[in-house]
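In: Task: produce atomic coordinates for the following.
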Amino acid sequence: MASTHTQAQAGTQLLDHPGTDGPEDFGPEAFGAEAEANRHRMPRQIRGTSPLLGVTAVAATLGATGFASATPAAAPAVEIPDETPVALAADPGLALAARIQHQADSQRTAAEESARVQAAQEAEAKAAAKEAEAKRAAEEAERAKAAALTLPVTDYRLSAHYGQSARYWAHLHTGLDFAADTGTPVHALGQGTITSAGWAGAYGYRIVETLPDGTEIWYCHLSSITKGSGQVVAGQQIGKVGATGNVTGPHLHMEVRPGGGAPVDPEPWLQQRGLNP
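Out: This is a model prediction of the structure:
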């Protein structure tokens, strides 16, 4: 009987709960002590969806308690830039085509600007040439006007020539006489300036006109002077035929003095300039 009890006791010890010092005890006291110890232990978490449910619960709890600030702010909207530069940069062919187009545009602009400048220069050159031509024409007209001569008297007859001698002349005749009625208009021989007008002794009333080349034209024995100074043109009336001074009848005594010097024969001088008195 004793040995059998010992084996049974040994087997019972193998089945004893760890931490018990006595024989197996299944009474209320034994269960109460183990339950008290297990109550203070954290329950083991089984991996799965339980943590997600826990986070959801926490978020719901925070939202329910008013901690709205705990929720992360929404990310700001990101503006998508123009993709064209990226496409050009990413595609070498498009970039090359863009450079070629840019060069072509630059060359076309340069060509247009060059053409505009050339057109402006040509227009300016034409305007300058036209202005120069107009100036040259005006100068030629002035020279022609200055060179144009007209006989000083109309409806006349020549009563004395250059170099003649007569008893009523102290020296040889120094001019050309145009016999005409008193009061017949006397015109300027050509374009020039009246440099003297008035009484001149044996010449009577006299007008001295200086032509552009310095030649002096003397108009003598006038009955009156209508233009005593200033510029005159060919054919402009400057006086009237008279018989003042040393004369035998009304006429115009005209002398030609190149450079204001000694008189020359008026007839060949006039003929050289297209006039035949």
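
In: show me where pLDDT drops low in the stretch 101-250 of the chain?
Out: Residue ranges of the stretch 101-250 of the chain with pLDDT under 70: 167-170.

In: Which parts of it are strands?
Out: For the stretch 101-250 of the chain, the strands defined by DSSP state E, counting those that start in this stretch occupy 157-160, 176-179, 185-187, 192-199, 205-210, 216-225, 230-232, 237-241.

In: can you tell which of these is closest to Ala144?
Out: Within those, the stretch nearest Ala144 is strand 192-199; the backing value is 14.6 Å (C-beta to C-beta). Glycine gets a C-beta too; all of them are placed from N, C-alpha and C.

In: Show me what that closest one packs onto, helices and strands only.
Out: Counting by 3 or more C-beta pairs under 8 Å, 6 or more residues apart in numbering; DSSP states H and E, the packing neighbours recorded for strand 192-199 are strand 205-210, strand 216-225, strand 230-232.

In: May I have stretch 165-178 exported as PDB, CA atoms only?
Out: In PDB, the C-alpha atoms belonging to stretch 165-178 read as follows (Å, rounded to 0.1, in the frame of the first residue of the first chain):
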ATOM      1  CA  SER A 165      33.300 162.300-134.600                       C
ATOM      2  CA  ALA A 166      31.300 165.400-134.900                       C
ATOM      3  CA  ARG A 167      31.700 169.100-134.200                       C
ATOM      4  CA  TYR A 168      29.400 169.000-131.200                       C
ATOM      5  CA  TRP A 169      31.500 166.200-129.500                       C
ATOM      6  CA  ALA A 170      34.700 167.000-127.700                       C
ATOM      7  CA  HIS A 171      35.900 163.400-128.300                       C
ATOM      8  CA  LEU A 172      35.000 160.500-130.400                       C
ATOM      9  CA  HIS A 173      31.500 159.200-129.800                       C
ATOM     10  CA  THR A 174      31.700 156.700-126.800                       C
ATOM     11  CA  GLY A 175      28.300 155.000-127.200                       C
ATOM     12  CA  LEU A 176      25.300 154.000-129.300                       C
ATOM     13  CA  ASP A 177      22.400 156.400-129.800                       C
ATOM     14  CA  PHE A 178      18.800 155.200-130.000                       C
END
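
In: got the buried residues for it?
Out: 173-178 (16 or more other C-beta atoms under 10 Å).

In: any chance of those in a markdown table, with distance to Gly239 too?
Out: Below are the buried residues of stretch 165-178 laid out as a markdown table (distance: C-beta to C-beta, whole Å):
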| residue | distance to Gly239 |
| --- | --- |
| His173 | 21 |
| Thr174 | 19 |
| Gly175 | 15 |
| Leu176 | 16 |
| Asp177 | 15 |
| Phe178 | 13 |
